[in-house]
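1. pasting a predicted model and its sequence here:
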Amino acid sequence: MRIVISKDNEKLYRAELLSFDPSMEIIALNPLDSTDPDWETIPESDALFMCYQFLFAARDNPKIYDALLSLAKKMRFIQSGFAGMDSPILQNVLKIEDVCIANASSVYAIPIAHYVFSQILRWNKRIDHHIEYQQAKTWAPIGGDGELTNKTLVILGYGGIGREVAKLGKAFGMRVTGIRRNPQDDEYADEVLGLDRFEELLPLIDYLVLSLPDSSQTRNIINADILEKLNSSAMLINVGRGTAINEDDLTNALNDGKIAAAALDTTKVEPLDPNSSLWTTKNCFISAHDSAHSLLSLERAFELFFQNIKNIQNGQPIKNLYSE
């Protein structure tokens, strides 16, 4: 078996790979340097671990984009380091015939769920107010609700990330409802419903978490009509694609007090324009699409790739195999 990985991953995992298959040929590339002659001379290979370094480099550098796409055409199997498949490079990789590709959707669920609850607790425990009071050297106990027990958590997009959010929600004693296209019972949710039931839940929601892909069905699914029906004390947290939210409608809803707060790890256009009103919108908390960042996630991504090349060798199904 011949595989292609980044030089960083080769340093970390070479011994582990060879312990599985001593005859494995490992080709290591610098994802940031497409002028490396190794890019041009790589023969047809069995597998490529297209880790986040390759994918971010391709996003930012047209030469690396072209080189990576040419490299992908030489592969039988590609393991993406991204959970979603909507980046331009991956959309073009999907068009290549006779190449299997797997995503990393299961890899980032834990740190993303932790991010969700860091924002929920930030709001519920009034952390920003405490910081302001400390900076002003003001001793002023803050009231408010103060806990999550019996609060209603609705997760729109109940896949791997949604389930991990639900798991934490149950640990906090929340009432958890998952919404997905094909609903089925799940141990971490009190109920899992179809999208047709979503709007009837809106007045009951305390925390609404979005974990949606980008598609024609999900774009602007959160709009003025939906925001109008939410409880005025509700908080919205988006860890799915930014296209799910009509950002002008959200800005208006926050400024008008239609909902209480929003935490956005993703936006429709990234990086977010410095002139965007979201930066200064009342109770809108912005992070730079980094909720998935975790050293353990990088390890999990490689372990998924490693498991899949084992599966290929042993004639087993590929995990997270992408299909339209």
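-> Nice, I can see it. Because the structure is predicted, anything quoted here is derived from the model rather than measured. Numbering: from 1, shown residues only.

2. helices of the chain, start to end?
-> Along the chain, the stretches classed as helices by DSSP state H are 7-20, 38-41, 52-60, 62-72, 88-93, 109-124, 127-135, 160-171, 198-201, 224-229, 247-255, 295-314.

3. quick check: pLDDT value at the spatially closest residue to residue 53 that is not a sequence neighbour.
-> Among residues not flanking residue 53 along the chain, residue 31 sits closest, at 4.0 Å (C-beta to C-beta, 6 or more residues apart in numbering). For the C-beta atoms, the positions are set from N, CA and C on the backbone; glycine is no exception. In this model, residue 31 is scored at 94, pLDDT.

4. mind listing what residue 31 touches?
-> Residues in contact with residue 31 (C-beta atoms under 8 Å, 6 or more residues apart in numbering) are 6, 51, 53-54, 57, 64.

5. what domains does the record give for this protein?
-> 2-107+294-314, 109-286 (automatic domain parsing).

6. can I get the worst-scoring helix or strand of the chain on mean pLDDT in CSV, CA atoms only?
-> Lowest on mean pLDDT, DSSP states H and E among the helices and strands of the chain sits helix 38-41, with a mean of 87. Extracted C-alpha coordinates of helix 38-41, given in CSV (Å, rounded to 0.1, in the frame of the first residue of the first chain):
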residue,chain,number,x,y,z
ASP,A,38,7.7,15.4,-4.5
TRP,A,39,4.3,16.9,-5.5
GLU,A,40,5.0,16.3,-9.2
THR,A,41,6.6,12.9,-9.0
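
7. next one: it to chain centre, how far?
-> 32 Å (C-alpha atoms, centre = their mean, to the nearest Å).

8. what helices and strands are in contact with that helix?
-> Applying 3 or more C-beta pairs under 8 Å, 6 or more residues apart in numbering; DSSP states H and E, one finds that helix 38-41 contacts strand 25-29.

9. would you mark the buried spots in the strand it packs on?
-> Using 16 or more other C-beta atoms under 10 Å as the test for burial, strand 25-29 gives 26-29.

10. let me see the contact set for the residue found closest to residue 100 once you drop the neighbours it is linked to in the chain.
-> Excluding the flanking residues, the one nearest residue 100 by C-beta to C-beta, 6+ apart is residue 77, at 4.8 Å. Contact analysis of residue 77 by C-beta under 8 Å, 6+ apart lists 46-48, 99-102, 308-309, 312, 318.

11. list the beta-bridge partners for residue 77.
-> residue 47, residue 100 (DSSP bridges).

12. what separation do you get for it and residue 228?
-> 47 Å (C-beta to C-beta, to the nearest Å).

13. cool, residue 171 as well?
-> In terms of C-beta to C-beta, residue 171 sits 32 Å off from residue 228.

14. redo the domains of the chain as a markdown table? Include distance to residue 322.
-> Below are the domains of the chain laid out as a markdown table (distance: least, C-beta to C-beta, whole Å):
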| stretch | distance to residue 322 |
| --- | --- |
| domain 2-107+294-314 | 5 |
| domain 109-286 | 11 |
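
15. ok so, going back, what's the closest of the contacts of residue 31 to residue 95?
-> Distance to residue 95 across the contacts of residue 31 (C-beta to C-beta) is lowest for residue 54, with 17.8 Å.

16. hmm, the closest one is touching residue 6, no?
-> Yes: Residue 54 lies in contact with residue 6 (C-beta atoms under 8 Å); the separation is 6.7 Å.

17. looking at the two, which is more packed in?
-> Remark: of residue 54 and residue 6, residue 54 carries more neighbours, 25 against 22, as counted by other C-beta atoms under 10 Å.

18. what's the closest non-adjacent residue to that one?
-> Take residue 54 and drop its neighbours on the chain: the residue closest to it by C-beta to C-beta, 6+ apart is residue 31, 4.4 Å away.

19. low-confidence ranges, the chain, go.
-> 324 (pLDDT under 70).

20. and stretch 313-324, what's buried?
-> For stretch 313-324, burial by neighbour count (16+ other C-beta under 10 Å) applies to 318-320, 322.

21. er, stretch 169-178 actually
-> 169-170, 172, 174-178.

22. ok, the residues you listed vs residue 154, which is closest?
-> residue 177 (4.8 Å).

23. and the closest one, what does it touch?
-> Residues counted as contacts of residue 177 (C-beta under 8 Å, 6+ apart) are 152-155, 189-193, 201.

24. possible to save those as TSV with distance to residue 18 and neighbour count?
-> Output for the contacts of residue 177, formatted as TSV (distance: C-beta to C-beta, whole Å; neighbours: other C-beta atoms under 10 Å):
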residue	distance to residue 18	neighbour count
152	51	19
153	45	27
154	47	25
155	42	28
189	43	26
190	48	16
191	48	14
192	43	22
193	48	17
201	52	18
